[in-house]
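Enquirer: Have a look at this fold, sequence not included:
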């Protein structure tokens, strides 16, 4: 069975500082990996996804993530955080032959200090 | 184009009652997935429907059921409500049954069981 761990429940960064959110997954085959963002009262919005190929993927809103198979990680990064980035971030893993089913990590709540 | 619509947005029920939640996918999307989001368990996959057939099911009791209509709209039903069923229920729609197609999430239905 697949699983996702986001070790940091809360992270606070200053506006303009860099950000890295950690994600570790457990899956036997090559995983399909995703990062979603959820603002209060909203559904989830896809930031980026990795299926194969280049291990550094670019997403929306200036986010990027790097797939490291050796570390079973898919960390999300942003070079300069804006106050509007304050939200909850979810890492998710899917499987090739399991339809659209996703397994989500517990989420990381990001707070941005002015 | 219109996004994923979920109705109602908020619902209060008492233990033992049943509830039906509705999800209207983006026009042209044929896959609808449902997720339960709680503070304790996080985001958990309930089931996925494609072309009116349930394709995947998560680890939930039989009190949780769903269906999909010919216009791809989907409903989920929870019978004999328990306090622990209080959650945000999210649905997501996608063009097809493969994760290469982006899933778009609705804003959710907030269910409170008293």
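Expert: Thanks, I have the structure now. None of these values were measured; they are calculated from a predicted model.
Enquirer: residues near residue B:59, how many?
Expert: Residue B:59 has 8 neighbouring residues, counting by other Cβ atoms under 10 Å in any protein chain shown. Where you see a C-beta, it was placed from the backbone N, CA and C, and this is true even at glycine.
Enquirer: Likewise for the one 5 residues further on?
Expert: Residue B:64 is flanked by 18 other residues according to other Cβ under 10 Å.
Enquirer: repeat for residue A:112
Expert: Neighbours of residue A:112 (other Cβ under 10 Å): 19.
Enquirer: Past the helix or strand containing residue B:12, which element shows up next along the chain?
Expert: Following DSSP states H and E, one finds residue B:12 within strand B:10-13. Scanning forward in sequence from strand B:10-13 by DSSP H and E, the next helix or strand is strand B:19-24.
Enquirer: Model confidence score at the nearest residue to residue B:86 once chain neighbours are set aside, please.
Expert: Excluding the flanking residues, the one nearest residue B:86 by Cβ to Cβ, 6 or more residues apart in numbering or on different chains is residue B:113, at 4.7 Å. Looking at residue B:113, its pLDDT reads 98.
Enquirer: again with residue A:40
Expert: 87.
Enquirer: residue contacts, the residue nearest the centre of chain B?
Expert: With distances taken as Cα atoms, centre = their mean, the residue of chain B nearest its centroid is residue B:34 (3.3 Å). Contacts for residue B:34 (Cβ atoms under 8 Å, 6 or more residues apart in numbering or on different chains) come out as B:23, B:45, B:46, B:47, B:48, B:66, B:74, B:76, B:89, B:90, B:91, B:92.
Enquirer: Show me what the first one is bridged to.
Expert: Beta bridges link residue B:23 to residue B:6, residue B:74 when assigned by DSSP bridges.
Enquirer: so how many other residues sit close to it?
Expert: Residue B:23 is flanked by 27 other residues according to other Cβ under 10 Å.
Enquirer: can you tell me how far it sits from chain A?
Expert: 11 Å (Cβ to the nearest Cβ, to the nearest Å).
Enquirer: was I right about residue A:62 contacting residue A:77?
Expert: No. Using Cβ atoms under 8 Å as the test, residue A:62 is too far from residue A:77 to be in contact (9.6 Å).
Enquirer: re the thing from before, just the ones in strands from the contacts of residue B:34, please.
Expert: Taking DSSP state E, the ones among these that sit in strands are B:23, B:45, B:46, B:47, B:48, B:66, B:74, B:76, B:89, B:90, B:91, B:92.
Enquirer: for the residue in chain B that chain A sits nearest to, what are its contacts?
Expert: Using Cβ to the nearest Cβ, the closest approach of chain B to chain A is made by residue B:105 at 3.5 Å. Counting by Cβ under 8 Å, 6+ apart, residue B:105 touches A:36, A:43, A:44, A:45, B:4, B:90, B:91, B:92.
Enquirer: can you check residue B:94 too?
Expert: The contact partners of residue B:94, by Cβ under 8 Å, 6+ apart, come to A:100, B:29, B:30, B:31, B:33, B:101, B:102, B:103, B:104.
Enquirer: again, but for residue B:17
Expert: By Cβ under 8 Å, 6+ apart, residue B:17 lies in contact with residue B:81.
Enquirer: Any buried residues in the worst-scoring helix or strand of chain B on mean pLDDT, and which?
Expert: Least confident helix or strand of chain B, by mean pLDDT, DSSP states H and E, is strand B:53-57 with a mean of 93. For strand B:53-57, a neighbour-count test (16 or more other Cβ atoms under 10 Å in any protein chain shown) marks B:55, B:56 as buried.
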